[in-house]
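Q: Starting from these lines, generate the structure:
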Amino acid sequence: MISLGNLTEGASRALSALVKTQRGIDQSMERLSSGARVNSAADDAAGMAIASRMQAHIMGIQQGIENGLDGINLIQTADAALDSLVKLNQRIRELYVQQMNGTQGVAEQAILQSEIDQLRVTLTDLARQSEFNAQPLFMTDREAPFIVGADTTDLISVSLPRLVDTIETPVSFKNGDFEVDVPDSNSITGWDIVERVIIFGTDSIAGHVTPSDPVAKGTDQNTPSNAGNMVVTTSSAQASVGSQSVRLTSSGITTSGGFDTVRGPALISQDQVTFKVGDSLSFDWRAQGGGDAYDVYAYLLNVSTGETVEMLNDTGAAAGATTNWQSETLTVSKPGTYRFVFVGGTFDASGGKAAGAQLFVDNIVATSTETTFDFALATDSLASVDQAIDTLLSHRAGFGATINRIFHAVDSLTMTSVNLEASKSVIEDADYAAETARLAASSIIHQAASNTLKNTTEASMRVLAELIEATDQR
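A: Down below sits the predicted model:
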């Protein structure tokens with residue numbers, strides 16, 4: 001006799017089998033479609049962890065291989081540069097041998113020396129311009145480390161020699177203390193002089209328009225009715241350092257209106273000083289009213305752009321006002337090549353139209369350096385050239401040995417990577433034959449379980465129908 005309980009138990013078993021086989025089918029389909037045996041931690045937790053660690057190591061090895069190949073490229077670039085340097089030294093040696101031959105006259109020796117000098121300059125230029133990835137190769141002694149492996153401890157280094165001497169030479173500023181010329185000279189060594197009225201923002205000095213600077217006091221900087229006299233001379237009457245300064249004098253001026261400002265004369269340096277950011281300059285100055293108050297101004301003039309940098313801007317408050325000697329210091333914030341410009345001037349502080357004043361300047365100092373380069377190995381004699389060639393060849397031998405080390409390391413890493421990939425494949429990759437067989441088996445079982453569940457369900461329905469009919473007959 002078939003009971004409903006038996007049918008229910010059979011249906012549950014069929015349903016459980018159906019769920020399990022469906023899970024197996026889904027897993028096999030996922031593996032076959034992805035090609036991976038481990039698609040989630042549930043597939044193989046330990047295997048996933050092992051494979052992930054292997055993958056991290058493989059990626060490290062692959063990057064190590066790339067690092068090694070990049071290192072080889074760097075060393076080969078440096079080696080090519082040294083090869084050129086050796087050839088240049090060989091030519092210099094040849095010229096020295098030729099120059100010392102007794103058949104050479106003075107003129108011929110001079111010609112040969114000229115070529116030697118040019119080749120020595122070429123040595124410096126080639127060594128200085130040798131770069132890899134925008135990084136100089138021979139400006140300093142340094143170790144270039146290459147991580148040829150999966151870890152940062154897997155280092156192979158190459159020694160890059162310093163082949164260039166960097167020479168910092170202080171900038172010389174001509175006659176900044178005004179001691180060269182005799183007292184009261186109106187010709188000042190190293191300086192140009194402008195002895196006329198100067199309208200700022202309109203007139204030009206040293207080929208560039210003067211700065212647009214509004215006057216500190218008064219109505220305007222007008223052209224005077226009488227320009228009077230404007231003179232620039234050395235002065236032994238005033239000095240902050242040594243025995244002399246330079247004096248910019250305006251006198252006998254009649255302004256156009258009361259409280260006008262008149263500017264002039266001017267002193268411009270002939271030296272052009274190339275400043276870097278952070279360089280500094282300083283000078284001493286003193287102003288003295290004459291016909292009326294003083295108005296003084298000084299600036300740096302960028303000879304390339306015409307831009308100006310204010311160094312001094314001061315106006316006397318009253319006629320006859322006088323300052324003590326004082327220093328001005330400026331730190332350069334914008335690099336460029338500059339000239340110094342000092343402009344005297346006067347302010348009609350009383351409004352009576354008579355004006356005139358003096359500006360004294362002394363002790364102008366420019367703190368800057370000029371950078372030059374020289375080949376670090378001596379090449380001024382036959383013996384020194386031989387030594388230079390030996391040194392360069394020694395460096396080349398070191399480069400070759402390091403390249404071979406990296407090649408061997410790269411070969412070993414390549415084989416390690418291949419083997420690790422194979423091991424990881426065993427853990428991660430799907431076995432298509434096994435998965436196909438497993439899918440077929442699961443499909444058969446799934447079909448059988450589906451049929452069993454269907455039959456059990458139909459039987460349960462019949463039993464249920466019979467029970468209902470029997471109940472109705474009672």
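Q: State the distance from the nearest residue to L85 once chain neighbours are set aside to D386.
A: Excluding the flanking residues, the one nearest L85 by C-beta to C-beta, 6 or more residues apart in numbering is L392, at 5.6 Å. In short, each C-beta sits where N, CA and C put it, glycine included. Distance from L392 to D386, counting by C-beta to C-beta, to the nearest Å: 11 Å.
Q: Which one of those two is surrounded by more residues?
A: L392 (22 against 13; other C-beta atoms under 10 Å).
Q: Just the mean pLDDT for the helix or strand containing that one, thanks.
A: Taking DSSP states H and E as the definition, L392 sits inside helix 382-428. Helix 382-428 comes out with an average pLDDT of 91.
Q: could you dump the longest strand along the chain to PDB, C-alpha only?
A: Determined from DSSP state E, the single longest strand within the chain is strand 354-367. In PDB, the C-alpha atoms belonging to strand 354-367 read as follows (Å, rounded to 0.1, in the frame of the first residue of the first chain):
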ATOM      1  CA  ALA A 354      63.100 126.000  -7.100                       C
ATOM      2  CA  ALA A 355      64.400 122.400  -6.900                       C
ATOM      3  CA  GLY A 356      67.600 120.300  -6.800                       C
ATOM      4  CA  ALA A 357      69.100 117.400  -4.800                       C
ATOM      5  CA  GLN A 358      71.800 114.800  -4.600                       C
ATOM      6  CA  LEU A 359      71.900 111.000  -4.500                       C
ATOM      7  CA  PHE A 360      75.100 109.200  -3.400                       C
ATOM      8  CA  VAL A 361      75.600 105.500  -4.200                       C
ATOM      9  CA  ASP A 362      78.400 103.200  -3.100                       C
ATOM     10  CA  ASN A 363      79.500  99.600  -2.400                       C
ATOM     11  CA  ILE A 364      77.300  97.800  -5.000                       C
ATOM     12  CA  VAL A 365      77.600  94.000  -4.500                       C
ATOM     13  CA  ALA A 366      76.100  91.300  -6.600                       C
ATOM     14  CA  THR A 367      76.200  87.900  -4.900                       C
END
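Q: Run through the neighbouring helices and strands of it.
A: Secondary-structure packing of strand 354-367 (3 or more C-beta pairs under 8 Å, 6 or more residues apart in numbering; DSSP states H and E): strand 245-254, strand 261-269, strand 280-289, strand 293-302, strand 336-347.
Q: and of those, who's closest to D70?
A: For those, the distance to D70 is smallest for strand 336-347, at 38.2 Å, taking C-beta to C-beta.
Q: what helices or strands is that closest one leaning on?
A: On a contact count with 3+ C-beta pairs under 8 Å, 6+ apart, strand 336-347 meets strand 245-254, strand 261-269, strand 273-275, strand 280-289, strand 293-302, strand 308-315, strand 354-367.
Q: S157 is nearest to which of those?
A: Ranking the helices and strands packed on strand 336-347 by distance to S157, with C-beta to C-beta as the measure, places strand 273-275 first at 37.8 Å.
Q: what's the average pLDDT for that closest one?
A: What strand 273-275 shows for mean pLDDT is 91.
Q: Which residues outside it are in contact with it?
A: Applying C-beta atoms under 8 Å, 6 or more residues apart in numbering, the external contacts of strand 273-275 come out as 171, 173, 281, 332, 335-340, 366, 368, 370.
Q: Neighbouring strands - and their directions - for it?
A: strand 336-347 (antiparallel) (DSSP bridges).
Q: any idea of the angle the partner strand forms with strand 293-302?
A: Relative orientation of strand 336-347 versus strand 293-302 (axes from the mean of the first three to the mean of the last three C-alpha atoms, to 10 degrees): 170 degrees.
Q: Local confidence estimate at the nearest residue to D271 once chain neighbours are set aside?
A: Leaving out its chain neighbours, the residue that sits closest to D271 by C-beta to C-beta, 6+ apart is K174, at 5.2 Å. For K174, the pLDDT comes out at 85.
Q: Make sure K174 is actually in contact with Q270.
A: Yes: with contact defined as C-beta atoms under 8 Å, K174 and Q270 form a contacting pair (7.2 Å).
Q: So for those two, which residues contact both of them?
A: Common neighbours of K174 and Q270 (criterion: C-beta under 8 Å, 6+ apart): G190.
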